[in-house]
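**Student:** Sequence plus predicted model, see below.
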Amino acid sequence: MTDDAADPGTVDDAGEKLAEFLAGERLDDVAIYLTHDHLDEQGKIANMGEAVDGGVVLVVPGDDGRQAFAAGTGMDPMQFAKGAMDRNGVIHPDLGGGECPDAAADPEADHRAEFLFAFGEERNEGVGGLYAEGDVMHAYAHCRCGTDYSHKWVMGEYSEDAVVEE
């Protein structure tokens, strides 16, 4: 369990939080990617997150993160994830964007990820499949073209290949 809600920390702390999150060391936290277009004008959110290409990734305690995602996007994060899980795409391993699965079919559209929501799930050998291999990253993205998509991988073993659970 993390205790970061009282002190959002510094940008240096944000980079450490993101590294720990990506390594599976912060399974009670969630990560949120926002493009510069979604950031507040005062730069408060950017100062709390890790800068990545085109935006910022915030790592925050689970409940706070879900509330922040809902406030920033107007969407319930779990409903968003549920809708996005039906479509496989590629989400970058630093959680700083992705590759829309509709880009090839509609090359004229803007296919940059606008925002992303991610969480880790602890290894569960009883479930089998990917979950028996290690902690699993669940990442969900919303593209500017309107497509929602997902990508999951075993933390520490990133692959661009889509994982299909049966």
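**Tutor:** Yes, it's here.
**Student:** drop to CA atoms for contacts and neighbour counts, all remaining ones
**Tutor:** OK.
**Student:** next SSE after the least confident helix or strand in the chain by mean pLDDT?
**Tutor:** Ranking every helix and strand in the chain by mean pLDDT, DSSP states H and E puts helix 44-48 at the bottom, with a mean of 60. From helix 44-48 onward toward the C-terminus, using DSSP states H and E, the following helix or strand is strand 50-52.
**Student:** Quick one: mean pLDDT for the following helix or strand past that next one?
**Tutor:** The helix or strand immediately downstream of strand 50-52 is strand 55-61, counting by DSSP H and E. Confidence for strand 55-61, expressed as mean pLDDT, is 91.
**Student:** Strand 55-61 packs against which elements?
**Tutor:** helix 11-22, strand 29-35, helix 44-48, strand 50-52 (3 or more CA pairs under 8 Å, 6 or more residues apart in numbering; DSSP states H and E).
**Student:** So for the first one, what gets flagged as buried?
**Tutor:** What it means is helix 11-22. Residues 11, 14-15, 17-19, 21-22 are the ones in helix 11-22 that count as buried (16 or more other CA atoms under 10 Å).
**Student:** Chain neighbours aside, what residue packs nearest to residue 87?
**Tutor:** Leaving aside its chain neighbours, residue 87 sits nearest to residue 149 (4.8 Å; criterion: CA to CA, 6 or more residues apart in numbering).
**Student:** host element of the one you found?
**Tutor:** Per DSSP H and E: strand 148-154 holds residue 149.
**Student:** Need the worst-confidence member of the buried residues of helix 11-22.
**Tutor:** For those, the pLDDT minimum is residue 11, 48.
**Student:** Just give me the residue right at the centre of the chain.
**Tutor:** residue 118 (3.1 Å; CA atoms, centre = their mean).
**Student:** separation between it and residue 104?
**Tutor:** From residue 118 across to residue 104, the span is 25 Å (CA to CA, to the nearest Å).
**Student:** returning to what we had before: double-check the residue nearest to residue 87 against residue 80; I have them as touching.
**Tutor:** No. Residue 149 is beyond contact range of residue 80, at 9.6 Å (criterion: CA atoms under 8 Å).
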